[in-house]
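1. predicted model follows, preceded by the sequence.
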Amino acid sequence: MTKQKVVVGEAKSGMDMAMTVVPKALFTTEMKKPPLMQGGYITISKKKLLHDLEINGGTRINAWVESMRASSPTSHRKSTRDQTSWMDRHPSALNVFDEITNASKGKQIVMFLDYDGTLSPIVDDPDRAYMSDAMRATVRKLAGCFPTAIVSGRCRDKVYNFVKLAELYYAGSHGMDIKGPSKGSKYKKSPPSVLCQPASEFLPMIDEVYGLLMEKTKSTPGAKVENNKFCLSVHFRCVDEKKWTELAAQVRSVLKDYPKLRLSQGRKVLEIRPTIKWDKGKALEFLLESLGYANCTDVFPIYIGDDRTDEDAFKVLRKRGQGFGILVSKIPKDTSASYSLQEPSEVMEFLQRLVDWKRCSLMMR
Ligand SMILES: O=P(O)(O)OC[C@H]1O[C@H](O[C@H]2O[C@H](CO)[C@@H](O)[C@H](O)[C@H]2O)[C@H](O)[C@@H](O)[C@@H]1O
């Protein structure tokens with residue numbers, strides 16, 4: 001197995017996020033009106049950004065590339081003061097562990113875990129984003145204590161092949177493909193069944209666009225198109241920055257003919273998905289409902305994720321006033337999560353502490 005370069009501290013810009021963050025150094029005269037200053041960041045309103053990044057009609061490719069650049073690790077040097085104030089607002093879930101478990105007392109914890117950047121470190125080759133055996137063992141123990149779901153942008157089969165735990169719920173394609181445990185867990189004993197595929201009518205379109213993007217981007221060295229069944233990813237992690245404009249133009253030239261698809265951005269990846277009102281937040285709500293906790297006040301969902309798309313789930317938890325989100329990040333980011341963890345190794349430590357706490361509380365009964 002080739003050793004993968006693990007990526008640390010990386011920003012992410014979101015083309016479809018409410019406020020996106022662009023490093024000051026990247027602010028160019030392309031952006032006519034001066035954006036608002038917030039701490040060490042420049043923020044651009046959603047309206048402006050959506051206008052700039054609109055796929056159809058008059059889109060400025062430079063805006064896409066600005067957004068792609070904003071996810072470059074070198075472009076985000078935060079002052080210690082920024083970091084400290086961000087950590088005050090989003091303390092480490094490890095440091096406030098007792099606070100978290102106290103808040104969950106008398107309630108059923110339900111765990112939601114993103115995959116890339118949360119359970120596995122970010123690496124150059126998406127096909128080699130393996131999780132460690134230690135992480136797998138910890139997630140297995142976790143699923144023995146609480147209902148547990150993996151919620152990923154990847155297609156469900158692919159994320160299952162990385163995680164390999166049949167007792168979990170899986171929500172692939174950014175939550176657009178949900179399936180319950182295929183192996184009896186104490187939370188689900190019925191036979192395997194596909195629970196939810198709200199974008200199935202888009203399958204032929206996604207396949208078609210996948211073929212077109214493969215063809216269009218093959219001249220850009222390092223570009224990789226990933227078929228995630230109900231959505232697509234165009235990776236630019238291994239594309240020379242000088243070629244990003246070319247890649248953005250290639251992607252736009254395909255998407256302009258597909259108004260029912262939308263584009264967002266993750267970690268060095270352009271993500272393409274149907275415009276339906278479904279996201280990781282909706283998947284979380286669907287799973288809670290499937291587990292019988294739709295209108296319960298005694299449920300305590302914990303969602304851990306690093307991706308811009310995880311913000312939809314963090315927002316749902318804030319709105320419900322139940323449980324909380326934990327953002328995995330080494331650097332300050334706009335987030336609706338309550339707490340933070342720096343990297344997958346800290347996620348593993350947090351999950352293990354939850355397992356130990358649960359086992360200990362069962363013994364003390
Ligand atoms: O929701 P997630 O499970 O976090 O999936 C989001 C994307 O994750 C993967 O890409 C990211 O991880 C790769 C491997 O570490 C990395 O090479 C890439 O740069 C990252 O963006 C996955 O390959 C994508 O399809 C998902 O959309």
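-> Perfect, I can see it now.

2. okay, buried residues for stretch 202-216 please.
-> With burial defined by 16 or more other CB atoms under 10 Å, the residues of stretch 202-216 counted as buried are 202, 206, 209-210, 212-214, 216. C-beta: built from backbone N, CA, C; applies to glycine.

3. dump the residues you listed into JSON lines; add pLDDT and distance to the ligand as well.
-> Below are the buried residues of stretch 202-216 laid out as JSON lines (pLDDT from 0 to 100; distance: CB to the nearest ligand atom, whole Å):
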{"residue": "202", "pLDDT": "98", "distance to the ligand": "16"}
{"residue": "206", "pLDDT": "98", "distance to the ligand": "13"}
{"residue": "209", "pLDDT": "98", "distance to the ligand": "15"}
{"residue": "210", "pLDDT": "98", "distance to the ligand": "12"}
{"residue": "212", "pLDDT": "98", "distance to the ligand": "18"}
{"residue": "213", "pLDDT": "98", "distance to the ligand": "13"}
{"residue": "214", "pLDDT": "98", "distance to the ligand": "15"}
{"residue": "216", "pLDDT": "98", "distance to the ligand": "18"}
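
4. mind listing what residue 94 touches?
-> 341, 346, 349-350, 353 (CB atoms under 8 Å, 6 or more residues apart in numbering).

5. how about the residue nearest to residue 290 when sequence neighbours are not counted, secondary structure?
-> Excluding its sequence neighbours, the residue lying closest to residue 290 (CB to CB, 6 or more residues apart in numbering) is residue 195, at 6.0 Å. Three-state call for residue 195 (DSSP: H, G, I helix; E, B strand; the rest coil): strand.

6. how about residue 195, what does it touch?
-> Residue 195 neighbours (CB under 8 Å, 6+ apart): 178-180, 286, 290.

7. tell me the one among the contacts of residue 94 nearest to residue 139.
-> Closest to residue 139 out of those is residue 350 (11.8 Å), distances taken as CB to CB.

8. tell me the spacing between residue 257 and the ligand.
-> In this view, residue 257 and the ligand are 22 Å apart by CB to the nearest ligand atom, to the nearest Å.

9. ok, now residue 83?
-> From residue 83 to the ligand the distance is 23 Å (CB to the nearest ligand atom).

10. for residue 300, same thing?
-> Using CB to the nearest ligand atom, one gets 22 Å for the distance from residue 300 to the ligand.

11. again with residue 219
-> As judged by CB to the nearest ligand atom, residue 219 and the ligand stand 20 Å apart.

12. among the contacts of residue 94, name the buried ones.
-> By neighbour count, with 16+ other CB under 10 Å, the contacts of residue 94 hold 341, 346, 350, 353 as buried.

13. taking the centroid of this structure, which residue is nearest it?
-> The C-alpha lying nearest the average C-alpha coordinate of the chain belongs to residue 307 (CA atoms, centre = their mean; 2.9 Å).

14. show me the contacts for residue 278.
-> Taking CB under 8 Å, 6+ apart as the test, what residue 278 contacts is 174-176, 198-199.

15. quick one, phi/psi of it?
-> phi -150, psi 130 (degrees, to the nearest 10).

16. closest to the ligand out of the contacts of residue 94?
-> When the contacts of residue 94 are compared for distance to the ligand (CB to the nearest ligand atom), residue 341 wins out at 14.3 Å.

17. show me what contacts that closest one?
-> For residue 341, the contacting residues are 92-94, 304, 326-328, 347, 350, by CB under 8 Å, 6+ apart.

18. count of residues packed around residue 68?
-> Neighbour count of residue 68, defined by other CB atoms under 10 Å: 22.

19. number of nearby residues for the residue of the stretch 151-300 of the chain found nearest the ligand?
-> Proximity of the stretch 151-300 of the chain to the ligand (CB to the nearest ligand atom) peaks at residue 153, 2.9 Å away. Residue 153 sits with 28 neighbouring residues when counted by other CB under 10 Å.

20. got it, and residue 164?
-> Residue 164: 11 neighbours (other CB under 10 Å).

21. ramachandran angles for it?
-> phi 60, psi 40.

22. again with residue 339
-> For residue 339, the backbone dihedrals (degrees, to the nearest 10) come out as phi -120, psi 180.

23. and the stretch 251-365 of the chain, which residues reach the ligand?
-> By CB under 6 Å from any ligand atom, the part of the stretch 251-365 of the chain that sits against the ligand consists of 266-269, 271, 307, 309.

24. distance of residue 342 from residue 153?
-> Going from residue 342 to residue 153 by CB to CB, to the nearest Å gives 21 Å.

25. just how off-centre is the longest helix belonging to the chain within its chain?
-> Ordering each helix of the chain by length in residues (DSSP state H) puts helix 344-363 first. The chain centre lies 22 Å from the centre of helix 344-363; the measure is CA atoms, centre = their mean, to the nearest Å.

26. packing partners for that helix?
-> The criterion is 3 or more CB pairs under 8 Å, 6 or more residues apart in numbering; DSSP states H and E, and the helices and strands that helix 344-363 contacts are helix 97-103, strand 108-113, helix 133-145, strand 324-328.

27. whichever helix or strand residue 289 is part of: what's the following helix or strand?
-> Element membership for residue 289 (DSSP states H and E) is helix 280-290. Beyond helix 280-290 on the C-terminal side, the first helix or strand identified by DSSP H and E is strand 299-305.

28. show me where the protein has its helices.
-> Ranges of helices in the chain, per DSSP H, are 46-53, 61-69, 80-89, 97-103, 133-145, 156-163, 203-217, 244-255, 280-290, 311-320, 344-363.
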